[in-house]
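> Coordinates only, no sequence provided:
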Ligand SMILES: O[C@H]1[C@H](O)[C@@H](O)[C@H](O)[C@@H](O)[C@H]1O
Ligand SMILES: [Fe+2]
Ligand SMILES: [Fe+2]
């Protein structure tokens, strides 16, 4: 699958000169996709429900649920709430299991915040990993990052606290500073208690310009949780992989360019990979399902390379 979207992005197709090799082409030191498999896949313009991707204004039954999801998320995600969640989940006392066992658990999970997908999440993991693998065959860490980026959604399951959907999925945003207008369904922040706190209501809030995203408290959910799990268990994934896991739902930043004043140099480097990743995360969502057993051996070999056999969750 070759995904050609977002013109204006620096990772555009025009930079690719290699037609029949399996090599990555370096453009200014940054790898651009391998289009050897001229399958010519263009990012679809519509999702499997017949709407454009990430359309939060659609008048449909499904969108009503998504709207209600964001109403609850925007009211309930507060600075205090996130700190409580971090404290609880950094105990890593819920389970011991391998990455693959966790992938299988995601078979049980459906994400109510997502207007583009209603397949079991394991399909989404494999669809995005297989799509990125095709275009970046040599970046095995990126394939594995795609496979695990949404594993944190297990927080929805009873064993992991049965958190409500608003505390697990959906786009993420910083707490402790003003909610940027580019957040989807921004209107629902008006009932968030943090808006009553003057210290949290300015552009920088409790942060300083360029402080680095590492120092920013993001809304709680599957991204931050999985980042901490990977780190705690000593993954050898490169920093860009961890960055992707942690910020892939931060659409206000990576799609809208908001909150960039909080980034530091390292964030800006890592963001390039997040831009690459995002296309596959979003546009690979489809009704064409992947044969799990067929691709399993490849992913097991990557898991073995970058993670211990059992992790604490
Ligand atoms: O609805 C989706 C879904 O929950 C994704 O997993 C998350 O990464 C996106 O940001 C969100 O918009
Ligand atoms: Fe996600
Ligand atoms: Fe995803």
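Alright, I've got the coordinates. Keep in mind the model is a prediction, meaning the values are calculated, not measured. Ligands and ions are numbered 1, 2, ... in the order given.

> Which parts of the stretch 1-150 of the chain are strands?
In the stretch 1-150 of the chain, the segments counted as strands under DSSP state E, counting those that start in this stretch are 25-27, 30-32, 96-97.

> Just checking the distance from stretch 140-154 to the centre of its chain.
Chain-centre distance of stretch 140-154: 9 Å, with C-alpha atoms, centre = their mean, to the nearest Å.

> same thing with stretch 203-219?
19 Å.

> Run through who's touching that stretch.
With C-beta atoms under 8 Å, 6 or more residues apart in numbering as the test, stretch 203-219 has contacts from 73, 77, 79, 82-83, 172-178, 199-200, 224, 246-247, 250, 261-264, 266-267. Every residue, glycine included, has its C-beta placed from N, CA and C.

> Check what pLDDT the most centrally placed residue in the chain gets.
The centroid of the chain falls nearest to residue 248 when counting by C-alpha atoms, centre = their mean (2.8 Å). You'll see residue 248 listed with a pLDDT of 98.

> what's the spacing between it and residue 98?
22 Å (C-beta to C-beta, to the nearest Å).

> Pull the contacting residues for residue 97.
So residue 97 contacts 310-311, 313 (C-beta under 8 Å, 6+ apart).

> if you set the cut-off to 10 Å instead, what comes out?
By C-beta atoms under 10 Å, 6 or more residues apart in numbering, residue 97 lies in contact with 104-105, 154, 159, 309-313.

> By neighbour count, which of those wins?
If you count neighbours using other C-beta atoms under 10 Å, the busiest of the contacts of residue 97 is residue 154, which has 27 neighbours.

> who are the neighbours in contact with that residue?
Contacts of residue 154 (C-beta under 10 Å, 6+ apart): 94-95, 97, 102-103, 105-106, 108-109, 121, 160-161, 163, 168, 222, 225-226, 229, 313.

> Ligand 1 versus that one, what's the distance?
According to C-beta to the nearest ligand atom, to the nearest Å, residue 154 and ligand 1 sit 13 Å apart.

> pretty sure that residue belongs to a helix, no?
Yes - under DSSP: H, G, I helix; E, B strand; the rest coil, residue 154 falls within a helix.

> what's the distance between it and ligand 3?
Relative to ligand 3, residue 154 is positioned 14 Å away (C-beta to the ion, to the nearest Å).

> try residue 55
For residue 55 relative to ligand 3 (C-beta to the ion), the value is 17 Å.

> longest helix in this protein, by residue count?
As assigned by DSSP state H, the longest helix anywhere in the chain is helix 265-283.
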